[in-house]
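In: Fold the following and give me the result.
(one chain, ligands or ions: 2)
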Amino acid sequence: MPEETEVEQLEKEIEVLKQELKQKEARLQLLKSVKKQIVKHYSNHFTTDEITRYSRQMLVPAIGVAGQNALKQSNVLIVGAGGLGCPAALYLVAAGVGHLTIVDNDEVELTNLHRQILHTEADVGVPKVESALGKLSNINSNVKVNPLHLHVNSESLMGLLTKENFDVVIDCTDNVPTRYLLNDACVLKKIPLVSGSALQLEGQLTVYNYKNGPCYRCLFPVPPAPDSVTSCGDGGVVGIVPGVIGSLQALETVKIIADTSGVLNGRLLLFDGSNTTFRNVKLRNKNLDCQVCGSHPSITKLIDYEQFCGTRAHDKVINIEILSNSECMNVIQFSKVYEQAPIVIDVRPSVEYEMCHLTNSINIPYQDIEKDEHLDFLKELLAIHSGEKDVYVLCRRGNDSQRAVVKLRDQFRDSNFTFLNITGGLHSFAKQVDPAFPIY
Ligand SMILES: Nc1ncnc2c1ncn2[C@@H]1O[C@H](COP(=O)(O)OP(=O)(O)OP(=O)(O)O)[C@@H](O)[C@H]1O
Ligand SMILES: [Zn+2]
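Out: Numbers count the residues shown, from 1 in each chain. Ligands and ions are numbered 1, 2, ... in the order given. The predicted model follows:
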């Protein structure tokens, strides 16, 4: 029947059209949801991966999408890729800052590895910033990391701050001239400065030059006496302590960028790892007479900070030369006689002597010699060896041993003994004579 065939035909066509409509509707739904996502992404400036990556952090109301977005647009400078700089950089890169410039002039040493956690055994000898770059890029390839292998001084810093617009500067260095330099530069360029320090089991943290708070100079207008500053190389540091402080420097930086409340300005955080306490002390207000941030500043451009502080802008030991050649012996000559020598005096602090020493040496710390607390013991020792002539005096790098020789030579002026300084100390001995002797 022709009518029936026509009806069937029409029904088939209707079915096909219905299917097509269904497909079009599904496609429309898909396009609508993609559009929604695109609109969402565009408004947040985040890719899908970024939303996933930072989701846990964005869920924190104090950060939120706006804070994460501010982080993504941010530009941070870290000076120092050591004990503080490593954890600070790690967390900031993980947290998603946009640009991170990390500056350091030093190379990785074995003594760094217990605390400078971006560097590995394979990096010994490599510039710290180069070693840092590799690890940081692995953690978050979204972040543009700019490694600069250079010493920050007035000239190089001003060049850098003029070229880039940093939102925050983080002081992860270890010497007073650089602290004043970074402070003054941040005041002049109106950048908050997140400052940290760590020694032995203690650490400190504060934020300078932020929302009308004090700067470093407001609190310390006069630099400390060069002799009163102890470095990690001399005083030691438990690696976890700069880990704590460096991580908190990253936290303060994130808070500044996300513009949260509760930033640590005008307060100093004191961490004592020996009894695991954190204390907050209120700092004095901004000093209106401050030389750099006061109402009539006398410092309007960067100065010579090594001259101002009377010390070099690094914590490496500088060798002194206060003895004549006749009072010194080099380690090669010493290596030929020391095993038979009855009087070898090691003037390092006793903790260092306990760590490692030459088997036949006797420990009389220079601190005791300085205070004449060694005299009875030494008189007795020399009396036992009255037939001898030479007394060998050594220390870690050859500076305290020279000072000790000056003191001993005067105290025992009337004896037959000659006090001989071992030039370059146990460092040179380890390098030139016995590589099995530890360098620290
Ligand atoms: N003016 C500066 N310019 C560039 N880097 C600096 C400057 N001052 C200090 N630094 C860097 O800051 C870092 C501080 O690190 P840290 O305090 O852990 O000590 P360190 O010098 O690596 O080790 P140690 O004191 O044990 O020898 C160092 O890597 C140092 O090179
Ligand atoms: Zn000030």
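In: Burial check on residue 51, number of neighbours?
Out: Residue 51: 16 surrounding residues under other Cβ atoms under 10 Å. Every residue, glycine included, has its C-beta placed from N, CA and C.
In: Over to the one 4 residues further on?
Out: Burial of residue 55, expressed as a neighbour count using other Cβ under 10 Å, amounts to 10.
In: What are the boundaries of the helices in the stretch 101-250 of the chain?
Out: 128-139, 154-163, 176-189, 216-219, 232-235, 240-257 (DSSP state H, counting those that start in this stretch).
In: in the chain, what secondary structure element scores lowest on mean pLDDT?
Out: helix 2-44 (a mean of 79; mean pLDDT, DSSP states H and E).
In: What is the three-state secondary structure of the closest residue to residue 205 other than its chain neighbours?
Out: Nearest residue to residue 205, sequence neighbours excluded (Cβ to Cβ, 6 or more residues apart in numbering): residue 269, at 4.4 Å. Secondary structure state of residue 269, per DSSP: H, G, I helix; E, B strand; the rest coil, is strand.
In: Hmm, residue 277 and residue 269 touching each other?
Out: No. Between residue 269 and residue 277 there is no contact under Cβ atoms under 8 Å: 10.8 Å.
In: If you count surrounding residues, which of the two has more?
Out: With neighbours defined as other Cβ under 10 Å, residue 269 and residue 277 compare such that residue 269 has more, 18 against 9.
In: Dump stretch 387-398 to PDB, restricted to CA.
Out: This file holds the C-alpha atoms of stretch 387-398, laid out as PDB (Å, rounded to 0.1, in the frame of the first residue of the first chain):
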ATOM      1  CA  GLY A 387     115.000  19.400  76.700                       C
ATOM      2  CA  GLU A 388     112.900  20.400  73.700                       C
ATOM      3  CA  LYS A 389     113.200  23.600  71.700                       C
ATOM      4  CA  ASP A 390     110.200  24.000  69.400                       C
ATOM      5  CA  VAL A 391     106.500  24.300  70.400                       C
ATOM      6  CA  TYR A 392     104.200  24.000  67.400                       C
ATOM      7  CA  VAL A 393     101.000  26.000  67.600                       C
ATOM      8  CA  LEU A 394      98.100  25.400  65.300                       C
ATOM      9  CA  CYS A 395      94.400  26.100  64.900                       C
ATOM     10  CA  ARG A 396      91.700  25.700  62.200                       C
ATOM     11  CA  ARG A 397      92.900  28.300  59.600                       C
ATOM     12  CA  GLY A 398      96.000  29.800  61.100                       C
END
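In: quick one, strands of the protein?
Out: In the chain, the strands defined using DSSP state E lie at 75-79, 99-103, 144-148, 168-171, 193-199, 202-208, 267-272, 277-282, 328-329, 344-346, 361-363, 390-394, 418-422.
In: Mind listing residues that contact the shortest one?
Out: Contact with strand 328-329 is made by 392, 420-423, as judged by Cβ atoms under 8 Å, 6 or more residues apart in numbering.
In: Of those residues, which is the nearest to residue 210?
Out: residue 423 (48.6 Å; Cβ to Cβ).
In: number of nearby residues for the closest one?
Out: 23.
In: please renumber so the chain begins at 599
Out: Shifting the count to begin at 599 puts that one at residue 1021.
In: give me phi/psi at it?
Out: Backbone geometry at residue 1021, expressed as degrees, to the nearest 10, gives phi -60, psi 130.
In: I figured it hits residue 929, correct?
Out: Yes. Residue 1021 is within contact range of residue 929, at 7.0 Å (criterion: Cβ under 8 Å).
In: thought residue 791 was touching residue 805?
Out: Yes. Assessed by Cβ under 8 Å, residue 791 is found in contact with residue 805 at 7.0 Å.
In: Does stretch 709-721 reach ligand 1?
Out: Yes. Stretch 709-721 comes into contact with ligand 1 (Cβ under 6 Å from any ligand atom), by way of 709-710, 714.
In: Could I get those in a markdown table, plus columns for neighbour count and pLDDT?
Out: Conversion of these to a markdown table gives the following (neighbours: other Cβ atoms under 10 Å; pLDDT from 0 to 100):
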| residue | neighbour count | pLDDT |
| --- | --- | --- |
| 709 | 14 | 96 |
| 710 | 23 | 97 |
| 714 | 28 | 98 |
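In: Return the closest of those with respect to residue 884.
Out: residue 714 (33.8 Å).
In: Now do the nearest residue to the closest one once chain neighbours are set aside against residue 725, distance only.
Out: Leaving aside its sequence neighbours, residue 714 sits nearest to residue 684 (Cβ to Cβ, 6+ apart; 4.8 Å). As judged by Cβ to Cβ, to the nearest Å, residue 684 and residue 725 stand 14 Å apart.
In: Repeat that for residue 812.
Out: In terms of Cβ to Cβ, residue 812 sits 34 Å off from residue 725.
In: Then residue 988?
Out: For residue 988, the distance to residue 725 - Cβ to Cβ - is 43 Å.
In: neighbour-wise, which of these two wins?
Out: residue 725 (19 against 14).
In: In contact with the more buried one: list those residues for me.
Out: Counted by Cβ under 8 Å, 6+ apart, residue 725 has contacts 702, 704-706, 745, 747.
In: how deep is the nearest residue to residue 721 once chain neighbours are set aside tucked in, by neighbour count?
Out: Closest residue in space to residue 721, ignoring its immediate chain neighbours: residue 729 at 3.9 Å, by Cβ to Cβ, 6+ apart. The number of residues packed near residue 729 is 25, by other Cβ under 10 Å.
In: need the residues of this structure near ligand 2, please.
Out: With Cβ under 5 Å from the ion as the criterion, the chain meets ligand 2 at residues 813, 815-816, 888, 891.
In: Now do the same contact list for the closest residue to ligand 1 within the chain.
Out: Using Cβ to the nearest ligand atom, the closest approach of the chain to ligand 1 is made by residue 680 at 2.0 Å. Residues in contact with residue 680 (Cβ under 8 Å, 6+ apart) are 702, 704, 710, 713-714, 726, 770-772, 840.
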